[in-house]
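>>> let's see this in three dimensions:
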Amino acid sequence: MPRTRSRRSNKNKVNATHVEPVIVPVNLSKELSSDIDGILDQTFGRTLENPDLTIEEHAWRHSLDGIELYNEMLRKDVQLRHVFDIRALTCIAQGWQIEPAGEEDADIELAEWVEQRFLRIRHFAMSRQLMFQGISHGYKPAELMFHVDPTGNWTVDEFRNRDPARFRFNADSQLVMTQQGDINKDETMPEEKFITNTWGSDENRYGSGLLRVIYPLWFFKNFALKSFYKFIE
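Model (predicted):
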């Protein structure tokens, strides 16, 4: 009997070896097909260059740097600006609500608490509208401003939208505030202080804004037609 138990014990040990977790030689939490390696070839200093070919090839025509081209397009073309404003306002007008995670009283109470915190954010509607600039530019950063409420909890007081032309991303997809002409003064922003609306692309944090494809028509409307009319005259 002891010998039989010994064999059973050895058999169990063999089975235990077979059911051990298989070690996968790939980090499943790591992004393997990112375009970041291709973008690294264009890296200057601590930040990645925006891969948007429209601003790379045409910003110089208007004596502008990078994504400032899109700011100029919206500033000069009232009709174009109006279209993007209407798009943002249409989405905001749909309203919103916080859904409880379950049917328990605690879930409902927590959902109501979160909703009240959103409602207390100052200038919430205007800030949401400005965040839609991510659709036109590709990305739009905003800085979160916190405060301590009467119960001692840290909550968001407001979020202030920032000009995307002032920010870039590094190889770790972190937001970096740039200083014109001095890369040594570039400052990486803390993740808990900023949110970014990236639109149109999952390949990079700069996104792919609609003004990228609208630019040829905008240029023709504002410059080519003028030259054509002068030629006719």
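
>>> how about residue 118, what does it touch?
96, 98, 124 (Cβ atoms under 8 Å, 6 or more residues apart in numbering). The way it works is simple: take the backbone N, C-alpha and C, and place the C-beta from them, glycine included.

>>> wait, I meant residue 213
residue 54.

>>> center of the protein, which residue is that?
Central residue of the chain (Cα atoms, centre = their mean): residue 198, 3.0 Å from the mean position.

>>> just to check, that residue is in contact with residue 135?
No - using Cβ atoms under 8 Å, residue 198 is not in contact with residue 135; the gap is 10.2 Å.

>>> confidence score at the residue lying closest to the residue nearest to the centre of the chain once chain neighbours are set aside?
In space, and not counting its chain neighbours, residue 198 is closest to residue 207: 4.3 Å by Cβ to Cβ, 6 or more residues apart in numbering. For residue 207, the pLDDT comes out at 94.

>>> could you list every residue that touches residue 207?
By Cβ under 8 Å, 6+ apart, the neighbours of residue 207 are 134, 137, 138, 139, 198, 199, 200, 201.

>>> in a markdown table, list those along with secondary structure.
As requested, the contacts of residue 207 are arranged in a markdown table below (DSSP: H, G, I helix; E, B strand; the rest coil):
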| residue | secondary structure |
| --- | --- |
| 134 | helix |
| 137 | helix |
| 138 | coil |
| 139 | strand |
| 198 | strand |
| 199 | coil |
| 200 | coil |
| 201 | coil |
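
>>> quick one: the residue nearest to residue 198 from residue 186, how far?
Relative to residue 186, residue 207 is positioned 20 Å away (Cβ to Cβ, to the nearest Å).

>>> ditto for residue 122
30 Å.

>>> and the contacts of residue 207, which of them are buried?
134, 137, 138, 139, 198, 199, 200, 201 (16 or more other Cβ atoms under 10 Å).

>>> right, and the third one touches residue 205 too?
Read that as residue 138. No - here residue 138 does not reach residue 205: they are 9.1 Å apart, not a contact under Cβ under 8 Å.

>>> and for those two, which residues touch both?
Joint contacts of residue 138 and residue 205 (Cβ under 8 Å, 6+ apart) are residue 198.

>>> quick one, strands of the chain?
139-148, 154-161, 167-169, 175-177, 187-188, 194-198 (DSSP state E).

>>> and among those, the most buried is which?
Mean neighbour count, computed with mean count of other Cβ atoms under 10 Å, is highest for strand 167-169 among these, reaching a mean of 23.

>>> so what does that one touch, helix or strand wise?
strand 175-177 (3 or more Cβ pairs under 8 Å, 6 or more residues apart in numbering; DSSP states H and E).

>>> so what are the sheet partners of the strand it packs on and their directions?
strand 167-169 (antiparallel), strand 187-188 (antiparallel) (DSSP bridges).

>>> tabulate the ones you listed in a markdown table, adding columns for mean pLDDT and distance to residue 117.
As requested, the strands paired with strand 175-177 are arranged in a markdown table below (pLDDT from 0 to 100; distance: least, Cβ to Cβ, whole Å):
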| stretch | mean pLDDT | distance to residue 117 |
| --- | --- | --- |
| strand 167-169 | 93 | 26 |
| strand 187-188 | 91 | 28 |
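
>>> indicate which one of those is closest to residue 224.
strand 167-169 (31.5 Å; Cβ to Cβ).

>>> show me the helices in the chain, by range?
2-18, 36-40, 53-58, 68-76, 78-92, 105-119, 124-131, 133-137, 211-219, 225-232 (DSSP state H).

>>> picking that back up, in a markdown table: the contacts of residue 118, plus distance to residue 66, neighbour count and pLDDT.
Shown next, in a markdown table, are the contacts of residue 118 (distance: Cβ to Cβ, whole Å; neighbours: other Cβ atoms under 10 Å; pLDDT from 0 to 100):
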| residue | distance to residue 66 | neighbour count | pLDDT |
| --- | --- | --- | --- |
| 96 | 33 | 8 | 88 |
| 98 | 37 | 15 | 93 |
| 124 | 30 | 15 | 91 |
